[in-house]
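[1] Okay, predicted coordinates and the sequence, questions at the end:
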Amino acid sequence: MEQKKYKILMFVEDEPDLIELYGVVFETAGFAIQSVSSGEEALVIIQKLIKEEIESPSVIILDILLPGISGIDILREVRKHEKFDRIPVIIFTNYSSVEIKEEVKNTENTEYILKVDVTPDQLVKITIKKIEESIKLYNNGKKTA
Amino acid sequence: MIKFFISLFNENVLALRAFVFTFGWITLSLGSIILIYKSIELYKKIKHLVFGKLIIPILIGWLITMYSLGAVSTFYILDLPQKGMLVSFPVFLIWIIIMIVVFFVTFKWGEETIKKFDEINKLNLELKESNVRLEKLDKLKSEFINITAHHLKTPLAIMKGYLSVLLEKGEEIGSKTRKEYTNKTFNSTDRLVKLVNELLDISQLQVGKQPLNIHPINIRDIIDEILNEFQQEIQTKNLNIKLIPTNKQDWPLIPADLEKLKIALSNLIDNAVKYTPHQSKLGAGQAPKGEIIIQGKTINSSFQVAIKDNGIGVNPEEIPTLFTKYFERGEQAQKLYTTGRGIGLFIAASIIKTHNGRVWAESEGMGKGSVFYVEMPL
């Protein structure tokens, strides 16, 4: 299947109903979901990724308001490491703040989407598009990571 | 009298001449020093005003006038034998009088002006501080609206998500999944209604509009109902729940408003469930299994419920502001809210207080769990 190449999706979300819904929709679209439900867990996973103990995700979908460490802190941590530059991050939240929108806009390979604005199918399409754009950007030699 | 003084000068008494000469110049020197000091002090305070910029030229003018008069007086005093004391004495006298008047008026006026400007500066400072406080409060209120909007949008996003799947793939997913998704949509509607009611409760509880409907109630029954509502999350996180005492009959009846107390306890239990992570997600050996212990006991004429968890804990410095309204939490607010702790604790505290009860929290710090206490009068 075409979608198989997207493989792993790291889904950082603390809302059980959304984890279940998006889990099913993304799995149907060919993704393997790595579900993370708190900021602390996300940091543990990032440490494992740095040490290359686990396979890198093709995309990270990140909520902002999480128990413990916030999603924006996770984004900053991810973008600190050059090796993760090619992994697109989609901030998927209902938290609408001008400052955070601005920060996301100024962060490369990162998108800001309000949960209430999209349906699961639309998010899948946006995610696939974002991955394809990222692959083009980094594989055409425009960027190195 | 005047003639006596003139005679003294005319007699050309050297000691008296030396005295008046020295007195004049000492007055001028000391006066100048104080005048310069006071003028600089005033200049520093009002240099931004037009008058402030004129202080230094006025000072220089004063000093030139005073020293010129001093020089003329000195010339006459030293020249006594030639000009005679009748000329030198009035010049000297005028010099001394002008100096004393100028210095007196200047000091008095300077003191008052400095005092006034000190008061104006103090008021200015207070105004600036109050402006900073208002700006901060305004920012926090905007943040409060952002967070509240987030809380309202979450059940809406769940409803929209499940409904879109039901609309687009309703026939493919099968009747069991269809029923499950319809249930989830329905539960989210309930959650939204509850949230809107809670937001209304905040304002009503604040102004004391809502009377309490007090009846003897079994607090254990309420806890069981709440735990049942959180069953899905408790199971997903594999949390261990303990109730002490285990026997229902050992929990006394307490006078309270059933609906309100349920909201308060639900917020506290929700807090414990939400902030106690799934053990396996943190990796082996990093955390013990998530556990929540709800313990009730009678202390004197009160009944205390302690909700203890081994979750992410609370920073000790955040505890004093944990139960206050979000935008009254000051510096801690943003941090607390971006990490998710919201209006729930404030609602719980407001309800308990209207029952003349107490609510407080204890935690040894981040990562060390926390205990939330509720004490209700029996």
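    Great, that's in hand.

[2] what's the helix or strand for the residue nearest to residue B:63 when sequence neighbours are not counted?
    Using Cβ to Cβ, 6 or more residues apart in numbering or on different chains and skipping the chain neighbours, the partner closest in space to residue B:63 is residue B:32 (6.0 Å). C-beta coordinates here come from the backbone N, C-alpha and C atoms, glycine included. Using DSSP states H and E, residue B:32 falls within helix B:14-46.

[3] Tell me what angle whichever helix or strand comes after that helix forms with helix B:14-46.
    Downstream of helix B:14-46, the first helix or strand assigned by DSSP H and E is helix B:50-78. Helix B:50-78 runs at 170 degrees relative to helix B:14-46, counting by axes from the mean of the first three to the mean of the last three Cα atoms, to 10 degrees.

[4] Point out the other helices and strands that helix B:50-78 packs with.
    Packing partners of helix B:50-78 (3 or more Cβ pairs under 8 Å, 6 or more residues apart in numbering or on different chains; DSSP states H and E): helix B:14-46, helix B:85-169.

[5] Pick out the shakiest of the ones you listed, pLDDT-wise.
    Of all the helices and strands packed on helix B:50-78, the minimum mean pLDDT falls on helix B:14-46 (a mean of 77).

[6] need the longest helix for chain A.
    Determined from DSSP state H, the single longest helix within chain A is helix A:120-139.

[7] and for that one, what are the contacting residues?
    A:3, A:6, A:9, A:21-22, A:25-26, A:29, A:58-59, A:61, A:85-88, A:90, A:92, A:109, A:111, A:113, A:118, A:143-145, B:161, B:164-165, B:168 (Cβ atoms under 8 Å, 6 or more residues apart in numbering or on different chains).

[8] cutoff 7 Å now
    Outside helix A:120-139, the residues that touch it by Cβ atoms under 7 Å, 6 or more residues apart in numbering or on different chains are A:6, A:21-22, A:25-26, A:29, A:58-59, A:61, A:86, A:88, A:90, A:109, A:111, A:113, A:118, A:143, A:145, B:161, B:164-165, B:168.

[9] How about stretch A:94-112?
    Here stretch A:94-112 has contacts from A:64-65, A:72, A:75, A:79, A:85, A:88-91, A:114-116, A:130, A:134, B:146, B:149-150, B:153-154, B:157, using Cβ under 7 Å, 6+ apart.

[10] ends of it, how far apart?
    The straight-line separation of the ends of stretch A:94-112 (Cα to Cα, to the nearest Å) is 10 Å.

[11] Quick check: buried residues in it?
    A:94-97, A:100, A:103-104, A:107, A:109-112 (16 or more other Cβ atoms under 10 Å in any protein chain shown).

[12] so of those, which ones are in strands?
    A:110-112 (DSSP state E).

[13] coming back round to it: what about the residue nearest to residue B:63, how many residues close to it?
    If you count neighbours by other Cβ atoms under 10 Å in any protein chain shown, residue B:32 ends up with 18.

[14] Surely it touches residue B:62?
    No - using Cβ atoms under 7 Å, residue B:32 is not in contact with residue B:62, being 8.6 Å away.

[15] which residue is nearest the centroid of chain A?
    Taking Cα atoms, centre = their mean, the centroid of chain A lies closest to residue A:60, which sits 1.7 Å from it.

[16] just checking, that one is part of a strand?
    Yes - applying DSSP: H, G, I helix; E, B strand; the rest coil, one finds residue A:60 inside a strand.

[17] Write down the beta-bridge partners of it, one by one.
    residue A:10, residue A:89 (DSSP bridges).

[18] ok, now how distant is it from chain B?
    Computed with Cβ to the nearest Cβ, to the nearest Å, the distance linking residue A:60 and chain B is 16 Å.

[19] quick revisit: next, format the helices and strands packed on helix B:50-78 as JSON lines and append distance to residue B:229.
    Listed next are the helices and strands packed on helix B:50-78 as JSON lines, based on distance: least, Cβ to Cβ, whole Å:
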{"stretch": "helix B:14-46", "distance to residue B:229": "65"}
{"stretch": "helix B:85-169", "distance to residue B:229": "14"}
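
[20] Of all the residues in the stretch 1-150 of chain B, which one is nearest chain A?
    Closest contact between the stretch 1-150 of chain B and chain A, by Cβ to the nearest Cβ, is at residue B:150 (4.5 Å).

[21] how many neighbours does that residue have?
    23.

[22] cool, and the one 5 residues further on?
    Residues within reach of residue B:155, counting by other Cβ under 10 Å, total 23.

[23] cool, residue A:122 as well?
    12.

[24] where do the helices sit along chain A?
    Secondary structure of chain A (DSSP H): helices located at A:16-28, A:39-50, A:71-80, A:98-105, A:120-139.

[25] could you dump those to a markdown table with distance to residue B:311?
    Below are those laid out as a markdown table (distance: least, Cβ to Cβ, whole Å):
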| stretch | distance to residue B:311 |
| --- | --- |
| helix A:16-28 | 16 |
| helix A:39-50 | 10 |
| helix A:71-80 | 18 |
| helix A:98-105 | 26 |
| helix A:120-139 | 30 |
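
[26] Please tabulate these in TSV, including the columns mean pLDDT.
    Listed next are the helices of chain A as TSV, based on pLDDT from 0 to 100:
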stretch	mean pLDDT
helix A:16-28	92
helix A:39-50	89
helix A:71-80	92
helix A:98-105	89
helix A:120-139	91
